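**Student:** Turn this into a structure:
(chains A and B)
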Amino acid sequence: MASKKRVLIFFVSLICILYTYGVLHGLFYQAILDDVVSVSLEKTSFFDVNDPSRTIVNRELSQGEPKVYKYKSTFKSSDLKALKLSVQRNESIYLMIEKPDVQYFTVQINDQTIGSYGEESGHSNIWNGTYFFTFNENIIEENNEITILMYSDYMTGVAGNIKLFDYEHYRQVESIINLNQMLIDAAIVIAFIVAAIICLIVIAWYKTLYNIRVYVYFLISIILIGISLIDFRVSQFISMDYLMFKKMIIISYHGAVTFMTLGVATLVNAKIKFNIGMLSFSVVVILSYMTKNMITWRDYYQVLNVFLIITIIQLIGTLIYYRKRALYSAILLIIAFSLGALSVGKLVYITSTAQPATMLIDMPILIAMFASVVLFVFYNEMTQMVDDGDMPTDLSISLNGAFSIDDTLIVTGAYTTTCDTIFNQFIVGKSLKDLMSTYEDFAFVEDILKEVFNTKHDYVEGFLDLMPSEIKINDRDYQVYYKVYDRMRRLLKITLGDITKSKALEKQINEERELQKFFINSLKSKQELSYFINKTQIFIQKLRVDGFTLENQKIMHTLKGNLAQFGFLNFEKVVHEVESALQAPHEPDELIDMLELNLGQSIDLLEKHIGKDFITRGYDQYVISKDKLKALEKSYLDSGQVDQVFLKNLRNLSYIDIKVMISRYVLYVEEQAEKLQKAVMPLEILGDTVLVQPEKGEKLVMSLVGIFRNALSHGIETPEERVSKGKDSFGKITCSTHVVDDILHLSIEEDGRGLDTKVLLDKAIRDGIVGPDDNLTEKEVLNLVFKDKMTTKEEADVLSGRGVGLSAIYDIITSIEGTIELESKLGKGSKFLIKVPMKCLID
Amino acid sequence: MATVLVVDDSTYFRLKLKMVLENLGHQVIGEAEDGKKAAQMYSQLNPDLVTMDISMPNVNGIEGVKMIMEKDPSAIIIMVSAMGQKHHVLDAMKLGAKHFIVKPMHDDTVKKVLDKVL
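**Tutor:** This next block holds a predicted model:
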């Protein structure tokens, strides 16, 4: 990008300098002309010798008129007073005739021929020049006669001025007029040099230029412009029939415009069915072949110019229609061409009216500007396929590459050489399919690309956004950008930006965040965590002995949920894998090893970061103090002076509020809801403070995980579904605890979709859990969910379980002499009510 | 500012999209809950832009695109899709839809797409 900017700055400065030079030169020229001392001979004083009603003022000849004219005028020696002439009467006097509309003319003063220009045969091109004739002052008499004899095919007379100068001022004027001629020569040379450069570009990069026809059209266009400029070069050396010469010039004009139109239309891949440029060009060619007469030919000019204008209008129309394709290049080319056309148009104006030659100055300047813009456009077109400027700047330090493919999905044209490194092979001529061989859904990509390359679609951004935005190549990650170039044919530029590092960093940050969460949770619930790890370790040993019995599967499932609460996410995944593996033939020992290894890794991690003795044996630390408490209690009881209130308080020291234990689910609910893309308000825990013996309470609290999991995955609907049902988009889960008659009532309620008893019953009948003729009450049907293998969701995932979730709770609750019931209303929500005698939760 | 017809079966998403579009300075002149209704409303309202959900009951978004494109081949339709509906989006765009937005949508992603198509 930077280099392109530098080149743009170069070309802009070049154009500015050129134009400034043109303006200054024009001012300088005007200043000198104003300063020059001269004597004007009025054109109206020259009379046609055959028809005195006509003067030398230029006019067009009509058909059949004679081609040779003689004009006469007189001046007195006293008229020359303004000139610096010597007393010795041997000074040279200079006669200037500006723009005679002739092919040949000769001048006489007092019957003495003082010079002639052009060819009598008409094979010369002098009509645009300024001519000087020298004569000695000694031929001047009191009264003098000046005669101008002219030969012309189609005009006669003089367009500019007729003036007399002395030597000193003649030198000033002549040098400036020579400079003008030189500048016109320079313009022609510039046009041909640019043509040569374009030719060189085409030869050098023949294989990698993706719009070679555009270059060729412009090459032809600029050569033709160069040829058309010859019209304005004063030359007696190009010996050509004047009619032929004029035909050549007009063909060049039209050819230049036609090929320019073709070039721009090809550049933007515009399918022009009817090219007016080509039509007008053929009309010009046919007419120039047929016309034998200068005057008829001149009459065609107007019509041909109309064709020229229509061609330019078609070009502009094409650009407006295809405004999004190669807009930048096309507009620049149009500007460039306008500059070129402006200069040519101005010349036509100057030469058809008798404007002073001052105005000629900016023609070469304009041509040079035209040429520099064309070169910049070509540079831009050539480089845009190989720059990776589409890449955000923060990626620019890593390995980026850009290449293009055509509609056959084959890498074509120029590409950055870094691509070879990225793909570890030379990519030119390779198919995108080979390059993207690691991408799993290439058929879809192919499907999209078919549409992208269909030029019927002018707007392809939508298709491009469907393409993969990230891709892995040789174990590195790349961000991919796509851009369509509508040139001679449609091309797709693919830019790759290496994001391996930032992606790894992002992954690392995420992992660290997870880890932090894990540590914070661990520190917050150190005792519970220790307890569970311990329990899991014991369980794994139990698995080794008993294998994966249904009971063990239930325990494992509950443990999975419990450890997930603490952020043992890996373990959760591994258990899930194990559960999946259990569905198929498996090697139990391997699965158990997997569990043990993973748990071990998590413990290592904890110990490494939080401390060696972080994992105690569950509540042992606490039990020790309990022993002391027991001893204290015993000694107190032994003392014989027992105060019941004190004894109760003493015992309460070791108890925990069950609400505090349940509060660990607040975070769990939040996290799992996020995972399932559901919106849930923070878990609310209401009710009485209920002090329980921690180990006994833990069993109950631990079993609740299945209920929360169910509430989130089956109960609460997606936000869209909730809104369409007229519910608040946020679901609500409430947990409350009360003690009634020494029985703990623990309820978990959610306002989700509720259970459909019909579906439940159907499934139960299908699975053979109940008979088709058992007349169950609604409550009984609902409570079928606690049976083994009941789940209403077909696909199992990490959260929703495989039908062991609720039956596991049921087993645990019954093991602590509790009961569990489900109430549910379709569309309104569900409520689990657990009742456990307090005596089972305390000593 | 463009006039927009929002097509989605979910009231919630219609509301949300309406808010997003109005925040961006556009005017929602109609809402439809399936493709057929969308095509009818398109003829009546002649909006500058249509946002079309893909999965809808009765007549889905892809059918909706077909019906609208038959009436007006220059219609600007943006598909609103869920994750993993890329294949459906492609089908809709083959039929003439211009672009797509993936749910859940954000102001800036919607703006980006609208800037491209308008």
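**Student:** List the residues that contact the residue of the stretch 351-500 of chain A found nearest chain B.
**Tutor:** Closest residue of the stretch 351-500 of chain A to chain B, CB to the nearest CB: A:G462 (3.8 Å). Glycine gets a C-beta too; all of them are placed from N, C-alpha and C. For A:G462, the contacting residues are B:93, B:97-100, B:117, by CB atoms under 8 Å, 6 or more residues apart in numbering or on different chains.
**Student:** I'd like to know which of the residues you listed are buried.
**Tutor:** B:93, B:97-100, B:117 (16 or more other CB atoms under 10 Å in any protein chain shown).
**Student:** out of the contacts of A:G462, who's nearest chain A?
**Tutor:** B:H99 (3.8 Å).
**Student:** if you skip the residues just before and after it, what's nearest to that closest one?
**Tutor:** A:G462 (3.8 Å; CB to CB, 6 or more residues apart in numbering or on different chains).
**Student:** Now do the one you found, the pLDDT please.
**Tutor:** With respect to pLDDT, A:G462 scores 90.
**Student:** For it, grab phi and psi.
**Tutor:** A:G462 adopts backbone torsions of phi -60, psi -50, taken as degrees, to the nearest 10.
**Student:** Kindly report the residues of chain B close to chain A.
**Tutor:** By CB under 8 Å from any CB of the partner chain, the residues of chain B that approach chain A are B:9-13, B:15, B:86-87, B:89-90, B:93-94, B:97-100, B:116-117.
**Student:** try it again with 7 Å
**Tutor:** Within chain B, the positions adjacent to chain A are B:10-13, B:86-87, B:89-90, B:93-94, B:98-100, B:116 by CB under 7 Å from any CB of the partner chain.
**Student:** Of those residues, grab the buried ones for ChimeraX.
**Tutor:** Buried residues within the residues of chain B next to chain A, by 16+ other CB under 10 Å, are selected in ChimeraX with:
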select /B:10,12,13,86,89,90,93,94,98,99,100
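**Student:** Tabulate the residues of chain B next to chain A (a markdown table), appending pLDDT and secondary structure.
**Tutor:** Formatted as a markdown table, those follow (pLDDT from 0 to 100; DSSP: H, G, I helix; E, B strand; the rest coil):
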| residue | pLDDT | secondary structure |
| --- | --- | --- |
| B:S10 | 78 | coil |
| B:T11 | 77 | helix |
| B:Y12 | 74 | helix |
| B:F13 | 80 | helix |
| B:K86 | 87 | helix |
| B:H87 | 89 | helix |
| B:V89 | 91 | helix |
| B:L90 | 92 | helix |
| B:M93 | 93 | helix |
| B:K94 | 92 | helix |
| B:K98 | 92 | coil |
| B:H99 | 93 | strand |
| B:F100 | 93 | strand |
| B:K116 | 87 | helix |
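**Student:** Just name the closest of the residues of chain B next to chain A to A:K573, please.
**Tutor:** B:K86 (26.9 Å; CB to CB).
**Student:** okay but that closest one is in contact with A:M467, surely?
**Tutor:** No - between B:K86 and A:M467 there is no contact under CB atoms under 7 Å: 9.9 Å.
**Student:** quick one: which helix or strand includes the residue in chain A that chain B sits nearest to?
**Tutor:** For chain A, the residue closest to chain B is A:V723, as judged by CB to the nearest CB, at 3.0 Å. Per DSSP states H and E, A:V723 falls inside helix A:719-724.
**Student:** So which elements touch that helix?
**Tutor:** On a contact count with 3 or more CB pairs under 7 Å, 6 or more residues apart in numbering or on different chains; DSSP states H and E, helix A:719-724 meets helix B:11-23.
**Student:** what's the angle between the very next helix or strand once past the helix it packs on and helix B:11-23?
**Tutor:** Proceeding N to C from helix B:11-23, the next assigned helix or strand is strand B:27-32, under DSSP H and E. Interaxial angle of strand B:27-32 relative to helix B:11-23 (axes from the mean of the first three to the mean of the last three CA atoms, to 10 degrees): 160 degrees.
**Student:** List of residues touching strand B:27-32?
**Tutor:** B:1, B:3-7, B:14, B:18, B:21-22, B:38, B:41, B:45, B:47 (CB atoms under 7 Å, 6 or more residues apart in numbering or on different chains).
**Student:** Show the contacting residues for the residue minimising distance to the centre of chain B.
**Tutor:** Centroid-nearest residue in chain B, with CA atoms, centre = their mean: B:T51, separated by 1.2 Å. B:T51 is in contact with B:4, B:6-7, B:17, B:78, B:80, counting by CB under 7 Å, 6+ apart.
**Student:** what do you get if the cut-off is 6 Å, keeping everything else the same?
**Tutor:** B:6, B:17, B:78, B:80 (CB atoms under 6 Å, 6 or more residues apart in numbering or on different chains).
**Student:** ok, A:K84 touching A:Y167?
**Tutor:** No - using CB atoms under 6 Å as the test, A:K84 is too far from A:Y167 to be in contact (8.1 Å).
**Student:** Who has more neighbours out of those two?
**Tutor:** A:Y167 (15 against 11; other CB atoms under 10 Å in any protein chain shown).
**Student:** List phi and psi for the more buried one.
**Tutor:** Backbone torsions of A:Y167, given as degrees, to the nearest 10, read phi -60, psi -50.
**Student:** Pull out the buried positions in stretch A:271-285.
**Tutor:** For stretch A:271-285, a neighbour-count test (16+ other CB under 10 Å) marks A:272, A:275-277, A:280-281, A:284 as buried.
**Student:** Just the CA coordinates for the host helix or strand of A:Y668, please, in CSV.
**Tutor:** Under the criterion of DSSP H and E, A:Y668 resides in helix A:665-675. C-alpha atoms of helix A:665-675 as CSV (Å, rounded to 0.1, in the frame of the first residue of the first chain):
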residue,chain,number,x,y,z
TYR,A,665,-25.7,-23.3,42.2
VAL,A,666,-26.1,-19.5,41.6
LEU,A,667,-22.9,-19.5,39.4
TYR,A,668,-23.7,-22.9,37.9
VAL,A,669,-27.1,-21.8,36.7
GLU,A,670,-25.6,-18.6,35.2
GLU,A,671,-22.9,-20.5,33.4
GLN,A,672,-25.0,-23.3,32.1
ALA,A,673,-27.7,-20.9,30.9
GLU,A,674,-25.1,-19.1,28.9
LYS,A,675,-23.9,-22.3,27.4
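**Student:** Helix or strand next in line after it, which one?
**Tutor:** Per DSSP H and E, the helix or strand that comes after helix A:665-675 is strand A:684-687.
**Student:** So what touches the next helix or strand after that next one?
**Tutor:** As assigned by DSSP H and E, the chain's next helix or strand after strand A:684-687 is strand A:691-692. Strand A:691-692 has contacts (CB under 6 Å, 6+ apart) with A:652, A:655, A:657-658, A:841.
**Student:** at 10 Å what do you get?
**Tutor:** Strand A:691-692 has contacts (CB atoms under 10 Å, 6 or more residues apart in numbering or on different chains) with A:648, A:651-661, A:697-698, A:700-701, A:737, A:739, A:744, A:836, A:838, A:840-842.
**Student:** Tell me if I am right that A:Y485 is in a strand.
**Tutor:** Yes - under DSSP: H, G, I helix; E, B strand; the rest coil, A:Y485 falls within a strand.
**Student:** Tell me who's in contact with the closest residue to it other than its chain neighbours.
**Tutor:** The shortest distance from A:Y485 to any non-neighbouring residue, by CB to CB, 6+ apart, is to A:L491 (4.5 Å). A:L491 makes contacts with A:210-211, A:269, A:385, A:404-407, A:412-413, A:453, A:483-485, as judged by CB under 10 Å, 6+ apart.
**Student:** Ok, B:M83 next?
**Tutor:** With the criterion set at CB under 10 Å, 6+ apart, B:M83 makes contact with A:677, B:102-104.
**Student:** hmm, which helix or strand of the chain has the shakiest average pLDDT?
**Tutor:** Answering for chain A, as no chain was given. Ranking every helix and strand in chain A by mean pLDDT, DSSP states H and E puts helix A:620-639 at the bottom, with a mean of 63.
**Student:** The chain in question should be chain B.
**Tutor:** Per-SSE averages on chain B (mean pLDDT, DSSP H and E): minimum helix B:11-23, a mean of 85.
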